[in-house]
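Visitor: need coordinates for the below:
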Amino acid sequence: MANPGKTAHYKTLRVLGVPLDHGAGRRGVGMGPSAIRIAKLHDALARIGIRSIDDGDIHVDAPETQPTVNEKAKYLPLVTRVCKEVAEKVKACLDQYGFPLVIGGDHSIAIGTISGIAAHMHAKNPSTPPRLGLLWFDAHADINTPDTSPSGNIHGMPVACLLGKGPKELTSIGYEGPKLNPVNVAQIGLRDLDELEKKALRESGIHAYTMADIDRRGMATVVEEALTHAMRDTDMLHVSFDIDSLDPRVAPGTGTTKQGGLTYREAHLALEMVAESKMLTSMELVEVNPTLDYQNQTAELAVELIMSALGKRIL
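Guide: Coordinates of the predicted model:
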């Protein structure tokens, strides 16, 4: 494996594609898994010595064939079904000492990924809340609920759901109740927050790092501190990386762009530091939309970032 130490317990990295764009406000992100594979994900993994198995894509019905049902939580039944299947596959991967690499798809799939990790930990020790650390790279906090969301798009709700707030269909995936302890969650790259979301984030206990924090303090300091929070008294570390955390001049192929994001090197530095922690046990990368991209450059960048998180070094 590329990294000795804590990550070396896994036997095989397993790739799971989740071509879901029902949680987002525009189409196209469902083609993200294909774009990332076309960018030679598996060849890149092999070059850094990681054996990988591709488990293919979860089947997702086209939005045009599905009723919206609830304008406050659009496509809730379908998103629930997909996230349940993601959770089952992620748990099974971890149960077999694998490393799940989930590629999306919109960020609502994180409900499934993280619920699956928590279910794996819960099954081992049901009397103790999961000791899971989370680094969430995103321009958005994704901590809305159906009552606060201005759009009803579920990709703006996964953090709330994982804290136990949101539709019961989503908060009960894996098992009933919260999947995260907010003291072990750090969000990095925030720069586009709804007013009610700001209030929810301040009250949540999550460690939030905005782009202004990165500007003032530098990425290395921010990530070092975020890792300290995420790894304190935890047994596993998950990275959920939304490609819109980067500046759109670097990563144009995503549906919710916002100027002033992470630079190319800031993003790589952050994930290189994750690799150096030797704590990473799972990862997902989401919101690559090839219909908005130029010659698949955002998907190619996504592959590069995954490699940095998994241990690729400059020297």
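Visitor: tell me, how many residues neighbour A212?
Guide: Residues near A212, counting by other C-beta atoms under 10 Å, number 11. The way it works is simple: take the backbone N, C-alpha and C, and place the C-beta from them, glycine included.
Visitor: now name the helix or strand holding it.
Guide: helix 211-217 (DSSP states H and E).
Visitor: show the residue spans covered by the helices in the chain.
Guide: Listed in chain order, the helices of the chain (DSSP state H) span 32-38, 41-47, 76-95, 109-124, 158-162, 168-171, 195-204, 211-217, 219-231, 264-277, 297-309.
Visitor: ranking those helices by burial, who's on top?
Guide: helix 158-162 (a mean of 30; mean count of other C-beta atoms under 10 Å).
Visitor: which residues touch that one?
Guide: Applying C-beta atoms under 8 Å, 6 or more residues apart in numbering, the external contacts of helix 158-162 come out as 107-108, 110-111, 114-115, 136, 141-145, 166-167, 170-171, 178-180, 185, 187, 200, 204, 206.
Visitor: ok, now stretch 306-315?
Guide: Contacts of stretch 306-315 (C-beta under 8 Å, 6+ apart): 1-3, 13, 41, 44-45, 48, 50, 101, 239, 241, 268, 271-272, 274-275, 280, 283, 285.
Visitor: M231 and L101, how far apart?
Guide: 20 Å (C-beta to C-beta, to the nearest Å).
Visitor: any chance of the helices of the chain in a markdown table with distance to Q66 as columns?
Guide: A markdown table is the format used below for the helices of the chain (distance: least, C-beta to C-beta, whole Å):
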| stretch | distance to Q66 |
| --- | --- |
| helix 32-38 | 19 |
| helix 41-47 | 29 |
| helix 76-95 | 5 |
| helix 109-124 | 16 |
| helix 158-162 | 19 |
| helix 168-171 | 15 |
| helix 195-204 | 26 |
| helix 211-217 | 35 |
| helix 219-231 | 36 |
| helix 264-277 | 34 |
| helix 297-309 | 26 |
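Visitor: turn these into a markdown table, including distance to R249 and mean pLDDT.
Guide: Compiled in a markdown table, the helices of the chain are given as follows (distance: least, C-beta to C-beta, whole Å; pLDDT from 0 to 100):
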| stretch | distance to R249 | mean pLDDT |
| --- | --- | --- |
| helix 32-38 | 19 | 98 |
| helix 41-47 | 23 | 97 |
| helix 76-95 | 31 | 97 |
| helix 109-124 | 25 | 97 |
| helix 158-162 | 26 | 98 |
| helix 168-171 | 34 | 98 |
| helix 195-204 | 25 | 94 |
| helix 211-217 | 14 | 98 |
| helix 219-231 | 17 | 98 |
| helix 264-277 | 9 | 98 |
| helix 297-309 | 11 | 98 |
